[in-house]
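Asker: just a sequence and a predicted model for now, questions to come.
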Amino acid sequence: MAVSHRLFRLYSPATTAKNTFSSFLIRSLSSSPSGPTLDPEIDLEEARAQLEKSSSTSPTPSKDRNFHWVFLGCPGVGKGTYASRLSSLLGVPHIATGDLVRDELSSSGLLSSQLKELVNHGKLVPDEFIISLLSKRLQAGKEKGESGYILDGFPRTVTQAEILEGVTNVDLVINLKLREEALLAKCLGRRICSECGGNYNVACIDIKGDDVSPRMYMPPLLPPPNCESKLISRADDTEEVVKERLRIYNKMTQPVEEFYRKRGKLLEFELPGGIPESWPKLLRALHLEDLYDKQSAIA
Ligand SMILES: Nc1ncnc2c1ncn2[C@@H]1O[C@H](COP(=O)(O)OP(=O)(O)O)[C@@H](O)[C@H]1O
């Protein structure tokens, strides 16, 4: 907590920090093709209508559609994996705030070392800080002509969700769920190639079925031979820190699920197993299977 306060003061000494950062976010988002901020009640109704429409009649989405999607889910659930696959499929940028934070950590300086202390202990960084990072990323994307987003790791607190909701119209929030036994093993098995940045997982998860739940098998996602000797783990993927991240998720981020549930935007998706099993089912749940079939046929 002390670190969090120090970091907050260092980064944002003004008492009106929240306004400053949210107006920064507003500036980044308000001229997006989804239009400027609307009256919150109209936003809510519009969002409900959109979700109803997409989940009932589900016209085949095309690349012209402007996706504003959010991925929620515990550490290790696979947000990055599925968000990045959808990003390639839909041609919408995948923005992972964890990656933005790690990029920031790789720079030198006092801010980076204070940030490292928070992240490596499994704590969240201050809302204002993360909103600022996200705003910069969105602004840079807009300048390159990007539109829409698939957010991964944001929002993680109700404050972040409220700010996002106030400035842009999130169409859909996909809440990925995985049995708790698998989450820790998946975080501990996570590996990154220090050269190409590829993400892999050496854990082989095989949970026996019982009367209540079926067997769950998640094969490892092994690196190609040229990455094998360059694998590293994230500093926050230790057992102690993952448990702390799970605790913080339950305390700070679970209320965000409720925030979107109340607004009719939450799609719950229980991962049935590894990528080969889960990916087609996720696409079906999102009514995207036709798009995927068409792309596979072209490829
Ligand atoms: N929206 C956010 N709010 C606060 N802190 C964040 C946010 N996104 C990322 N972080 C910081 O970056 C770390 C890594 O994030 P991420 O890669 O998304 O991890 P996870 O595997 O826990 O989902 C988090 O533990 C937190 O310290």
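Answerer: Perfect, thanks for sending it.
Asker: and the residue of the protein closest to the ligand?
Answerer: Using C-beta to the nearest ligand atom, G98 is the residue of the chain that sits closest to the ligand, at 2.0 Å. All C-beta atoms are positioned from the backbone trio N, CA, C, and that covers glycine.
Asker: now for the host helix or strand of that residue, which elements pack on it?
Answerer: Per DSSP states H and E, G98 falls inside helix 97-105. For helix 97-105, the packing partners by 3 or more C-beta pairs under 8 Å, 6 or more residues apart in numbering; DSSP states H and E come out as helix 110-119, helix 127-143, strand 149-152.
Asker: can you lay out these as a markdown table showing distance to G273, mean neighbour count and mean pLDDT?
Answerer: As requested, the helices and strands packed on helix 97-105 are exported to a markdown table (distance: least, C-beta to C-beta, whole Å; neighbours: other C-beta atoms under 10 Å; pLDDT from 0 to 100):
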| stretch | distance to G273 | mean neighbour count | mean pLDDT |
| --- | --- | --- | --- |
| helix 110-119 | 30 | 16 | 86 |
| helix 127-143 | 32 | 19 | 89 |
| strand 149-152 | 21 | 25 | 96 |
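Asker: can you map out the helices along the stretch 1-150 of the chain?
Answerer: Using DSSP state H, counting those that start in this stretch, the helices of the stretch 1-150 of the chain run over 2-11, 17-30, 40-56, 79-90, 97-105, 110-119, 127-143.
Asker: quick check: angle from the helix holding G98 to helix 110-119?
Answerer: With axes from the mean of the first three to the mean of the last three C-alpha atoms, to 10 degrees defining the directions, helix 97-105 sits at 140 degrees from helix 110-119.
Asker: and helix 97-105, what's its mean pLDDT?
Answerer: What helix 97-105 shows for mean pLDDT is 93.
Asker: and it with helix 127-143, angle?
Answerer: With the same axes, to 10 degrees as the basis, helix 97-105 and helix 127-143 are set at 100 degrees to each other.
Asker: please enumerate residues in contact with helix 97-105?
Answerer: Helix 97-105 has contacts (C-beta atoms under 8 Å, 6 or more residues apart in numbering) with 80, 111-112, 115-116, 119, 125, 130, 133-134, 137, 151-154, 156, 234.
Asker: which bits of the stretch 51-200 of the chain sit near the ligand?
Answerer: Proximity of the stretch 51-200 of the chain to the ligand (C-beta under 6 Å from any ligand atom) is limited to residues 75, 97-98, 101, 118-119, 122-125, 130, 153-154, 156, 160.
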